[in-house]
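[1] no FASTA, just this:
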């Protein structure tokens, strides 16, 4: 099946710093990628939809100036958490859709665990 | 996306079959039924999907009610590695929407 990678898998940073998380589709070109956030013992919550070559679409309540998304190529989307604070500590998961897949399945990355001290 | 309801948690003994139910009474004719699972500290993993007919793959079987208002994911022989949160999700094919995750069912497998 299709593979989606994320980097880094785990990051610890100080409050006030910015953190960039990369999401790559390794064996297909993804015109659309999604970013989710998951707090402990909770389900995944969609943060934004990232479309190659255009601005991301953010879900209600997600600050676009705090969570910067760039989808500059068909295989890479990045999420930058700016001025991170302890409440931003979470598990961030991306997914990508293969437009050649007739079922439009989503393939999920392994996640990035962010801890803000 | 139509809503699904699943039990919060279930337990199974190792090497026994597990039947994970999902109710989706408001399913539309174009909604596919997807099952994903999430192991601890990992991203969701595809398990199976179907539309009307029962489906089998190497991981599991999906039994879909005739009226499509419910479905059951069947793990034929649970292993300790099957302990995960299982999500039942409805989505239209080709509609371009993301998956909407409910709370899922947390499956515990006892040795």
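    Structure's in. What do you need? All of these numbers come straight from a predicted model, not from anything done at the bench. Numbers count the residues shown, from 1 in each chain, chains lettered A, B, ... in the order given.
[2] Tell me who's in contact with residue 39.
    Unless you meant another one, I'm taking chain A. With contacts defined as Cβ atoms under 8 Å, 6 or more residues apart in numbering or on different chains, residue A:39 is in contact with A:90-91. Bear in mind the C-beta positions are built from the backbone N, C-alpha and C, glycine included.
[3] I was after chain B.
    Counting by Cβ under 8 Å, 6+ apart, residue B:39 touches B:45, B:81, B:83-84.
[4] among these, which are within reach of chain A?
    Contacts with chain A within the contacts of residue B:39, counted by Cβ under 8 Å from any Cβ of the partner chain: residue B:45.
[5] just the buried members of the contacts of residue B:39?
    Taking 16 or more other Cβ atoms under 10 Å in any protein chain shown as the criterion, what is buried in the contacts of residue B:39 is B:45, B:83-84.
[6] What residues does chain B have near chain A?
    Residues of chain B lying near chain A by Cβ under 8 Å from any Cβ: B:32, B:36, B:38, B:41-46, B:49, B:85, B:87, B:93-96, B:98-104.
[7] Just the ones of the residues you listed in strands?
    Mapping these onto strands (DSSP state E) picks out B:32, B:36, B:38, B:45-46, B:49, B:85, B:87.
[8] Just the buried ones from the residues of chain B next to chain A?
    Buried residues within the residues of chain B next to chain A, defined by neighbour count using 16+ other Cβ under 10 Å: B:32, B:36, B:38, B:43-46, B:49, B:85, B:87, B:98-102, B:104.
[9] Next up, the contacts around the residue of chain B found nearest chain A.
    Closest contact between chain B and chain A, by Cβ to the nearest Cβ, is at residue B:43 (3.8 Å). Residues near residue B:43 by Cβ under 8 Å, 6+ apart: A:4, A:6, A:93, A:95, A:108-111.
[10] Not counting residues beside it along the chain, what's closest to the residue nearest to the spatial centre of chain B?
    In chain B, the centroid-proximal residue (Cα atoms, centre = their mean) is residue B:35; its distance is 3.5 Å. Distances taken as Cβ to Cβ, 6 or more residues apart in numbering or on different chains place residue B:47 nearest to residue B:35, at 4.2 Å, with adjacent residues excluded.
[11] Which pLDDT does the model give the one you found?
    At residue B:47, the model reports a pLDDT of 94.
[12] Could you double-check that it lies in contact with residue B:38?
    No - using Cβ atoms under 8 Å, residue B:47 is not in contact with residue B:38; the gap is 10.3 Å.
[13] Go through the buried ones among the residues of chain B next to chain A and name the one nearest residue A:20.
    Nearest to residue A:20 among those is residue B:43, at 18.3 Å by Cβ to Cβ.
[14] Understood, closing this out.
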